[in-house]
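Engineer: test case, fold it:
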Amino acid sequence: MPADEKPTASVWTRPRPRQREHLTREQIVAEAIRLLDAEGVEELSMRKLGTRLGTAATSLYRHVASKDELIELVVDDVYGEPDVPTAVDGTRWRAAVTRTATELRAMTLRHPWIAPELGQVGLVHIGPNAMRMSSALLAQFEAAGFPADEMDQAMGTLMAYVIGIATAEAAYLSLIARSGKTEQEWVAGLRPAFDEATREHPRLRAGSSAQQDVHPQRIRDDNFAYGLDRVLDGLTARLTP
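Structural biologist: Here you go, the predicted structure:
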């Protein structure tokens, strides 16, 4: 990088400020996640976060330069939740990747606010937890036998599927949460209107009727597993001599 060119602004590209008070960055991040889980990203502000921590917003700026930096930190902290397999075995790469994908989906559904942030957080991928997950996935694809120029593409394909379907699920579950109903209650309440709308679409009606007695969470889990298996089938085909 030329001497007169500044690095891209990010919490990861500037020195961490020296600790000068009892409040820590870790406390700020933990409380921010609790606020986001309870109220969503629209309600996150430095003023509200400071109130929850019993301090002024100005105190927070000694630890994070902006709300955007705070988002980078909370996203990377949440990326630390999945239990990513570290053992590498070329014969079990698919099971390891499936486990990581399932954990990533579960992480997103625990924190629905994170779904739209994953594609907007800029340099979050250089945070330590995101780097750890990416590195572990690349190790699995390397052990499977993907060539060097395909490993990153294979990981990108997997992540696009997982984040895409988890984002849709998170939006769906947030809608239900706002209704004050359980998922089963919400689906049951929608069924009469759905049945009426599908009277002239027998294939849609038949598919819905076949799953009428299945818990909607089970349907979502099965749909995710089916799609993930097909993605991995496609990637596995790349390894066929």
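Engineer: give me the domain ranges for this protein.
Structural biologist: Taking automatic domain parsing as the domain assignment, the ranges for the chain are 1-78, 90-180+211-236.
Engineer: ok, of those, where does mean pLDDT dip lowest?
Structural biologist: Here the lowest mean pLDDT among the domains of the chain goes to domain 1-78, at a mean of 84.
Engineer: just checking, next helix/strand downstream of the biggest helix by length in the chain?
Structural biologist: For the chain, the helix reaching the highest residue count under DSSP state H is reported as helix 148-179. Sequence-wise, the next helix or strand downstream of helix 148-179 (DSSP states H and E) is helix 183-197.
Engineer: run through who's touching that following helix.
Structural biologist: Residues external to helix 183-197 that are found in contact with it (Cβ atoms under 8 Å, 6 or more residues apart in numbering): 173, 176, 179, 181, 205, 208, 212, 215, 216, 217. All C-beta atoms are positioned from the backbone trio N, CA, C, and that covers glycine.
Engineer: swap the cut-off to 6 Å and go again
Structural biologist: 176, 179, 216 (Cβ atoms under 6 Å, 6 or more residues apart in numbering).
Engineer: sorry, back to before: now do the longest helix of the chain against helix 183-197, angle only.
Structural biologist: Calculated by axes from the mean of the first three to the mean of the last three Cα atoms, to 10 degrees, helix 148-179 forms an angle of 90 degrees with helix 183-197.
Engineer: SS state for the residue located most distally from the centre of the chain?
Structural biologist: Centroid-distance maximum for the chain: residue 200 at 37.5 Å, with Cα atoms, centre = their mean. For residue 200, the assignment made with DSSP: H, G, I helix; E, B strand; the rest coil gives coil.
Engineer: same question for residue 112.
Structural biologist: On the basis of three-state DSSP, residue 112 is classed as coil.
Engineer: and the contacts of helix 183-197 as JSON lines, adding distance to residue 97 and neighbour count?
Structural biologist: Below are the contacts of helix 183-197 laid out as JSON lines (distance: Cβ to Cβ, whole Å; neighbours: other Cβ atoms under 10 Å):
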{"residue": "176", "distance to residue 97": "30", "neighbour count": "16"}
{"residue": "179", "distance to residue 97": "35", "neighbour count": "11"}
{"residue": "216", "distance to residue 97": "26", "neighbour count": "16"}
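Engineer: good, we can wrap up now.
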